[in-house]
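In: A predicted structure for the sequence below; I have some questions about it.
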Amino acid sequence: MAYTTINKSSDYFNTITTTGGAKSVTGVGFQPDWVWNKRRDSTSDHHINDAVRGSSKLLYTNATTAEQTNANFLTSFDSDGFTTGSGYWSSSANIVAWNWKANGTGSANTDGSINSTVSVNTTAGFSIVSFTGNSTSGATVGHGLGVAPKMIILKLLSGSDNWTIYHSSLGNTKRLELNNTNTPSTSATAGWNNTSPTTSVFSLGNNGQVNGSGQTYIAYCFAEKQGYSKFGSYVGNGNADGTFVYLGFKPAFFITKNTTTGSSSWMLYDNKRDPDNQMAEYLYPNTNAAAGTSSSGFDFLSNGIKIRNTFGDANVNGNTFIYMAFAEAPLVGTNNIPATAR
């Protein structure tokens, strides 16, 4: 049976639900370094803040918009959560916040041909990487993980352009866009230069979307950790008795994307917005839409995901879907405590 040394997943990733308005938001369980916020009950952008860029700097997963400054949204990252300002929606708004732990504001990394600033948590396999492009094909950037990342989410900060995603299940010749519904493209210049990440660096083409001269970028890099995180793929069966996806842990967070058929949204589920199976509430990271609900969704089990729907975004017969998942609890940790079903 698979064991993990991360016995308490919520020390590194945790979802909380809260309301809007200026206040101290607590209950995360650690000082977060990457916070992804979304208003659930109304049309509103997905907001990304991180400790490397600073709490006042915003990105939107559903938009191409350059980095924005808003000192009244998140005002600080705190020991058990974060503080919000008057711009954090209204006091009646229902909010979900997904939180990851890296290592504060980061430090210099010179592993690549481009120097970077890296905030890294090697235990949890997560790093935040800031760098300035040089428009050179094959340029490399240090990520600090010590193992090759399975997924990289990258965004131009100093201008408007699409998000760019590397996923190991697609390989180094393919790239996806978080803000779009398209299938993977094969542009080496706007992607990974047809080169897989190594234990120390990832590679870039020379397109401004990923590596423009003098342009600034942020990359969120994820390595797979047994019993805590998983980045893989599954094939849909188009049936309400859907595919089972083995993860080796009880999931807390799950994103999936159809890579075979275009016009398919990214879908996001978590264990706090909808704590009971079948999970009905979903969000689309590529749109600003309010949370949707369905009578059939997903089951979060002690060891993986069971699909209970026939959505084109999650379960088309014969289509391939990539995913990223984080644990609520490992199947079995080194403390010998097994996860239980919901």
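Out: Thanks, I have the structure now. Numbering: from 1, shown residues only.

In: buried residues in stretch 49-61?
Out: 49-53, 55-61 (16 or more other C-beta atoms under 10 Å). C-beta coordinates here come from the backbone N, C-alpha and C atoms, glycine included.

In: so what's S233 up against?
Out: 169, 259, 320-323 (C-beta atoms under 8 Å, 6 or more residues apart in numbering).

In: let's see 7 Å
Out: S233 is in contact with 169, 320-323, counting by C-beta atoms under 7 Å, 6 or more residues apart in numbering.

In: residues touching the residue nearest to it when sequence neighbours are not counted, list them.
Out: Using C-beta to C-beta, 6 or more residues apart in numbering and skipping the chain neighbours, the partner closest in space to S233 is S169 (4.0 Å). Shown in contact with S169 (C-beta under 7 Å, 6+ apart): 232-233, 322.

In: all helices for the stretch 101-250 of the chain, in order.
Out: Along the stretch 101-250 of the chain, the segments classed as helices by DSSP state H, counting those that start in this stretch run 208-211.

In: may I have the secondary structure class of V28?
Out: Assigned state for V28: coil (three-state reduction, DSSP: H, G, I helix; E, B strand; the rest coil).

In: quick check: bridge partners of the closest residue to T195 other than its chain neighbours?
Out: Leaving aside its sequence neighbours, T195 sits nearest to S203 (C-beta to C-beta, 6+ apart; 3.8 Å). On the basis of DSSP bridges, S203 is bridged to T140.

In: wait, isn't S203 in contact with N194?
Out: No. The pair S203 / N194 is not scored as a contact, 8.3 Å apart, by C-beta atoms under 7 Å.

In: so for these two, which sits in the more crowded spot?
Out: Taking neighbours as other C-beta atoms under 10 Å, S203 and N194 compare with S203 leading, 24 against 17.

In: please name the residues that touch the spatially closest residue to G205 that is not a sequence neighbour.
Out: Of all residues not flanking G205 in the chain, T189 sits nearest, at 3.7 Å (C-beta to C-beta, 6+ apart). Each residue near T189 by C-beta under 7 Å, 6+ apart is listed here: 137, 205-207.

In: gap between T189 and N211?
Out: Taking C-beta to C-beta, to the nearest Å as the measure, T189 falls 9 Å from N211.

In: dump stretch 254-272 to PDB, restricted to CA.
Out: Extracted as PDB, the C-alpha positions of stretch 254-272 are listed here (Å, rounded to 0.1, in the frame of the first residue of the first chain):
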ATOM      1  CA  PHE A 254      -9.800  18.500  -8.600                       C
ATOM      2  CA  ILE A 255      -9.600  20.300 -11.900                       C
ATOM      3  CA  THR A 256     -10.100  18.600 -15.300                       C
ATOM      4  CA  LYS A 257     -10.000  19.600 -18.900                       C
ATOM      5  CA  ASN A 258     -11.000  17.900 -22.100                       C
ATOM      6  CA  THR A 259      -8.000  17.800 -24.400                       C
ATOM      7  CA  THR A 260      -9.700  16.000 -27.300                       C
ATOM      8  CA  THR A 261     -12.700  18.200 -28.100                       C
ATOM      9  CA  GLY A 262     -12.500  22.000 -28.400                       C
ATOM     10  CA  SER A 263     -15.000  24.400 -26.800                       C
ATOM     11  CA  SER A 264     -14.700  22.500 -23.500                       C
ATOM     12  CA  SER A 265     -14.300  24.400 -20.300                       C
ATOM     13  CA  TRP A 266     -12.000  23.600 -17.400                       C
ATOM     14  CA  MET A 267     -14.000  22.300 -14.500                       C
ATOM     15  CA  LEU A 268     -13.100  22.700 -10.800                       C
ATOM     16  CA  TYR A 269     -14.500  20.900  -7.700                       C
ATOM     17  CA  ASP A 270     -13.500  21.000  -4.100                       C
ATOM     18  CA  ASN A 271     -14.500  19.400  -0.800                       C
ATOM     19  CA  LYS A 272     -15.500  22.600   1.000                       C
END
